[in-house]
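Q: okay, predicted coordinates and the sequence, questions at the end:
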Amino acid sequence: MTFKVTNWPEYEAGLRRRGSLTLWMTAEALSSWQAAKRTTRGGQPRDSDLAIETALTVGLVFGLRLRQTEGLLTSVLELMRLDLAVPDHTTLSRRAWTWQSSVGRQGRRVPGEGPVHILIDSTGLQVYGAGPWREEKHGARSRRGWRKLHLALDADSGEIIAHIMTDQDTGDASQVEPVLEQIDVPIGQFTADGAYDGKPAYDAVTSHSANAAVVIPPRVNAVDRSRIEPPSQRDRHIAAITTDGRMTWQAVMGYGKRSLVESAIGRSKAVIGRRLRARSFGAQQTEAALGCTVLNRMLACARPKSVRRIGTTA
């Protein structure tokens with residue numbers, strides 16, 4: 001099953017109630033909607049991974065709770081005159097813990113097109129604790145928690161090709177290696193902000209692609225160690241910034257492209273939301289993975305084109 005938003009400007013503006021949903025079913029989707037019979041002992045699953053993924057995706061895009069998602073899909077399938085079972089909200093909640101993507105990789109870059117330019121950054125997603133009533137009635141703690149979503153973006157296509165979710169205390173540089181393990185194509189350039197500055201990030205990129213250029217602005221108090229050991233990429237960055245200045249270094253190295261991953265994060269929070277709806281960590285990982293898939297699909301449908309206007313306005 002595939003979905004699309006037919007009135008994209010209204011949806012992008014946040015008017016979700018006025019949005020419309022178009023669904024169509026292929027023969028392959030119809031045959032895969034019901035779960036295959038298991039060959040081992042145990043209960044027979046009724047809903048396939050495709051049905052679970054479709055329901056969770058629709059609910060995520062339109063900001064619906066699981067009960068609302070169940071009701072929407074039931075109504076849509078009735079309008080389509082399809083006699084298909086819709087996963088109930090308890091099944092969606094349970095299966096979201098262990099859901100696995102059928103794609104396996106977020107990126108759709110074809111191997112052989114050359115090295116990819118990776119942009120990486122992280123953002124925080126809110127996870128709410130106990131509500132005000134429960135806090136007042138039972139004395140439960142309502143401390144708000146956070147999850148960190150680390151995204152790797154293809155600078156040429158703008159697609160999210162890798163992601164990982166961690167708790168709020170995990171450092172950014174420590175997640176470079178796990179993110180790069182999800183990327184099968186060689187890396188031509190790796191660009192990140194100063195939070196990733198350090199030997200672990202450089203070593204992780206070099207281990208993945210030995211000839212990759214690492215563009216990370218060094219700290220203000222960084223020391224050039226080329227006098228006592230062979231010069232590294234970081235040492236060359238420090239020397240260039242000392243000679244020409246930080247702004248010139250950014251222009252020469254193409255550091256400005258990192259704004260694309262910041263735009264992707266902003267688009268994610270505007271379309272998907274700033275908080276996670278799921279309670280368990282496994283379901284939150286599923287929610288983040290589906291969110292990345294949704295953003296890639298929307299980007300494949302259409303993307304804005306901006307042109308710099310030369311001249312002054314009255």
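A: Alright, I've got the coordinates.
Q: now do the SS call for Met165.
A: Classification of Met165 using DSSP: H, G, I helix; E, B strand; the rest coil returns strand.
Q: pretty sure it contacts Ala288?
A: Yes: contact criterion CB atoms under 8 Å: Met165 and Ala288 qualify, at 4.9 Å. In short, each C-beta sits where N, CA and C put it, glycine included.
Q: hey, what's in contact with both of those two?
A: Residues touching both Met165 and Ala288 by CB atoms under 8 Å, 6 or more residues apart in numbering: 147, 149.
Q: show me which of these two is the more surrounded one.
A: Of the pair Met165 and Ala288, Ala288 is the one with more neighbours under other CB atoms under 10 Å, namely 23 against 20.
Q: check contacts around Trp249.
A: Neighbours of Trp249 in contact, by CB under 8 Å, 6+ apart: 217, 237, 240-241, 255.
Q: shouldn't it be within a helix?
A: Yes: under three-state DSSP, Trp249 sits within a helix.
Q: look up how far Thr242 lies from it.
A: Going from Trp249 to Thr242 by CB to CB, to the nearest Å gives 9 Å.
Q: Val271 now?
A: From Val271 to Thr242 the distance is 42 Å (CB to CB).
Q: where are the low-confidence patches of the stretch 1-150 of the chain?
A: 1-25, 101-113, 129-144 (pLDDT under 70).
Q: could you pull out the helices in it for me?
A: 8-12, 27-32, 49-61, 66-79, 89-95, 132-138 (DSSP state H, counting those that start in this stretch).
Q: mind checking which helix or strand the residue nearest to Asp224 when sequence neighbours are not counted is in?
A: Spatial nearest neighbour of Asp224, chain neighbours left out: Ile238 (4.5 Å); criterion: CB to CB, 6 or more residues apart in numbering. Applying DSSP states H and E as the criterion places Ile238 in helix 233-244.
Q: contacts for that helix?
A: So helix 233-244 is contacted by 197, 202, 213-218, 222-226, 231, 248-249, 252-253 (CB under 8 Å, 6+ apart).
Q: quick revisit: now list the buried members of the contacts of Trp249.
A: Neighbour-count burial (16 or more other CB atoms under 10 Å) applied to these gives 217, 237, 241, 255.
Q: tell me which two in the residues you listed are the farthest apart.
A: Spatially, the most separated pair among the buried ones among the contacts of Trp249 is Ile241 and Tyr255, at 11.1 Å (CB to CB).
Q: common neighbours of these two, please.
A: With CB under 8 Å, 6+ apart, Ile241 and Tyr255 have common neighbours 217, 249.
Q: mind putting the contacts of Trp249 into a markdown table with pLDDT and distance to Arg277?
A: As requested, these are exported to a markdown table (pLDDT from 0 to 100; distance: CB to CB, whole Å):
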| residue | pLDDT | distance to Arg277 |
| --- | --- | --- |
| Pro217 | 93 | 35 |
| His237 | 92 | 41 |
| Ala240 | 91 | 45 |
| Ile241 | 92 | 43 |
| Tyr255 | 93 | 35 |
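Q: which one of those residues is nearest Asp49?
A: Distance to Asp49 across these (CB to CB) is lowest for Tyr255, with 40.5 Å.
Q: how about the nearest residue to the closest one once chain neighbours are set aside, what does it touch?
A: Among residues not flanking Tyr255 along the chain, Val215 sits closest, at 5.7 Å (CB to CB, 6+ apart). Contact analysis of Val215 by CB under 8 Å, 6+ apart lists 189-192, 237, 253-255.
Q: recalculate using a threshold of 6 Å.
A: Taking CB atoms under 6 Å, 6 or more residues apart in numbering, we find Val215 in contact with 191, 253, 255.
Q: ok, and the closest non-adjacent residue to the second one?
A: The shortest distance from Met253 to any residue other than its chain neighbours is 4.8 Å, reached at Val215 (CB to CB, 6+ apart).
Q: out of the contacts of Trp249, which is nearest to Thr170?
A: Nearest to Thr170 among those, with distances taken as CB to CB, is Pro217, at 21.3 Å.
Q: can you tell me the SS state at the closest one?
A: With three-state DSSP as the basis, Pro217 sits in coil.
Q: is it in contact with Gly194, as I believe?
A: Yes: applying CB atoms under 6 Å, one finds Pro217 in contact with Gly194, separated by 4.9 Å.
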